[in-house]
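>>> sharing a model that was predicted from the sequence below.
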Amino acid sequence: MKNQSVKDVIKDRYGKIARGEQTFCCPTCGPTPADQSLAVGYTPEDLQLVPELAVLGVGCGNPTALADLKEGETVLDLGSGAGIDVFLAAKKVGESGRVIGVDMTEDMVAKGSLLAKQHGYGNVDFRLGYIEQLPVDSGTVDVVISNCVINLTPDKLASFREVHRVLKPGGRILIADLVTAGELPPEVRASAAAWADCLAGAMEKEAYLATIRQAGFAAVTVVSESAYAAPEMDERLRGKIISVKVRGLKSQ
């Protein structure tokens with residue numbers, strides 16, 4: 001699929017999720033977004049800390065739990081959606097810190113911005129933009145987090161180079177994402193629905209890690225990984241999709 005076609009399909013899908021017209025089915029296919037969020041690593045306490053409408057159940061991990069966020073840091077959340085990770089990060093960095101959420105879907109940015117205003121989050125900022133062209137100044141961010149989003153970008157190397165650009169020297173990333181064990185069938189790669197489901201755009205694991213290193217990151221390590229499967233998943237994909245949490249550093 002052409003890059004713009006992929007983006008249009010994804011924006012349409014996630015716009016419907018933001019507006020409540022459609023739900024996202026995670027590996028456990030829990031009955032509610034909260035159940036889905038708990039299944040991928042959030043705790044009940046996490047969900048109590050954020051606005052209820054920010055919980056959409058669309059991720060594959062809980063990056064804020066592993067990012068070792070500190071008070072006063074500036075955090076960037078890639079593909080922030082309605083803001084669950086933005087709001088969790090905002091609690092960790094405190095009033096002296098700042099959290100920026102970037103998403104390419106207008107409805108998600110509008111929803112996150114409204115929730116921030118309604119719930120008094122003065123240290124967060126939601127921005128419309130693409131990961132390959134981040135609306136963030138160079139060298140201004142301490143930590144970049146992302147939750148099952150970079151697999152949706154057609155150009156992973158450009159995305160990670162942008163992440164490297166906006167980080168301060170010594171800055172770090174904690175990325176939760178989907179990768180593959182081996183190659184996916186060509187017809188899956190060409191499927192619009194599989195792209196929107198975070199499957200068709202997933203890279204082979206070692207190629208994904210190599211891409212992060214090629215973008216300039218050091219100490220790239222897999223913090224944890226687990227098999228990803230859903231009851232309705234194409235049988236050809238079973239055992240080939242992996243949920244990973246990856247950490248990396250921008251050299252001083």
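Good, I have the coordinates. It should be emphasised that the depicted structure is a prediction, and the values quoted were computed from it without experimental measurement.

>>> let me know the pLDDT of residue 29.
Per-residue confidence (pLDDT) for residue 29: 45.

>>> any idea which residue sits dead centre in the chain?
Against the mean C-alpha coordinate of the chain, by C-alpha atoms, centre = their mean, the closest residue is residue 147 at 2.5 Å.

>>> any regions of the protein where pLDDT drops low?
1-4, 6, 22-31, 185-200, 229-236, 238 (pLDDT under 70).

>>> could I get the longest strand anywhere in it in CSV with only the CA atoms?
As assigned by DSSP state E, the longest strand anywhere in the chain is strand 167-180. Output of strand 167-180 as CSV, limited to C-alpha atoms (Å, rounded to 0.1, in the frame of the first residue of the first chain):
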residue,chain,number,x,y,z
LEU,A,167,15.9,14.2,22.3
LYS,A,168,18.5,16.0,24.4
PRO,A,169,22.0,14.4,24.5
GLY,A,170,21.7,11.6,27.0
GLY,A,171,18.0,11.3,26.4
ARG,A,172,16.3,7.9,26.3
ILE,A,173,13.4,6.0,24.7
LEU,A,174,11.1,3.3,26.0
ILE,A,175,9.0,1.9,23.1
ALA,A,176,6.3,-0.7,23.4
ASP,A,177,5.6,-2.1,19.9
LEU,A,178,4.8,-5.2,17.8
VAL,A,179,7.5,-6.9,15.7
THR,A,180,7.6,-10.2,13.8
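
>>> what about the strands in the protein?
Going by DSSP E, the chain shows strands at 74-78, 98-103, 124-128, 141-147, 167-180, 217-227, 241-250.

>>> the last one pairs with which strands?
Okay, so that is strand 241-250. Paired strands of strand 241-250, with direction, are strand 167-180 (antiparallel), strand 217-227 (antiparallel) (DSSP bridges).

>>> residue 50: which of the ones you listed is closest?
Among the strands paired with strand 241-250, the nearest to residue 50 by C-beta to C-beta is strand 167-180 (16.6 Å). Every residue, glycine included, has its C-beta placed from N, CA and C.
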